[in-house]
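# Provide a 3D model corresponding to the input given below.
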Amino acid sequence: MAPPMALCSVSWVLLSCLMLLSQVQGEDSPQDALASGINCPKGSKAYGSYCYAFFLTAKSWMDADMACQKRPSGHLVSILSAVEASFVASLVKNSAHSYSYVWIGLNDPTQGYQPDAGGWEWSSTDLMHYRAWEKSPATVSNPGYCGSVSRSTGKRQRSYLVPGLFHPLIPHF
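Numbers count the residues shown, from 1 in each chain. Alright, predicted model coming up:
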């Protein structure tokens, strides 16, 4: 049997990592600083108390999550409310990339063995209260257990990615 994250191992995704603003270093973007009262590195966007950035490098979900964790307090984005979901969806839809999906921090390390989708969790360990997710259609024969955002619809999905695809990722930090 494949390791728990093997089914999410290959997908082109836009990386999104989250970093606490008090630990953000780098060149500030004046527009982002004015919009939210916080300073984020150039190329990232502020929302709440975090900075969000796209990384167009092709990575598996596991590699994307590890890349985000290399940033101070960084991790793949956790979407905790409808407002934050709209913000992340707008980042994905308005970006210049051509990928269909973007990795987020949602995953199911139990690979569907928990009843009623009880195994799904955020890689950041944030509590899973917001649950507005599309589910895989029954026709997907070998679904993955990692979350993504669809560029075309802006909807958050779980268990929808098929192994063998690559996606960019969005970290928040």
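
# in the protein, which spans are strands?
15-16, 19-20, 45-47, 50-52, 54-55, 75-76, 101-107, 121-122, 146-150, 156-157, 171-172 (DSSP state E).

# right, so of these, which gets closest to Ala67?
Relative to Ala67, the nearest member of those by Cβ to Cβ is strand 15-16, separated by 6.2 Å. Glycine gets a C-beta too; all of them are placed from N, C-alpha and C.

# mean pLDDT lowest for which of the strands of the chain?
Among those, strand 19-20 has the lowest mean pLDDT, at a mean of 39.

# sorry, back to before: which one of the strands of the chain lies nearest to Gln69?
strand 75-76 (5.9 Å).

# ok, back up a step: distance to Asp65 and mean neighbour count for the strands of the chain - can I get that in CSV?
Shown next, in CSV, are the strands of the chain (distance: least, Cβ to Cβ, whole Å; neighbours: other Cβ atoms under 10 Å):
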stretch, distance to Asp65, mean neighbour count
strand 15-16, 9, 30
strand 19-20, 14, 20
strand 45-47, 20, 21
strand 50-52, 15, 26
strand 54-55, 12, 22
strand 75-76, 5, 27
strand 101-107, 7, 30
strand 121-122, 10, 20
strand 146-150, 9, 28
strand 156-157, 16, 21
strand 171-172, 9, 31
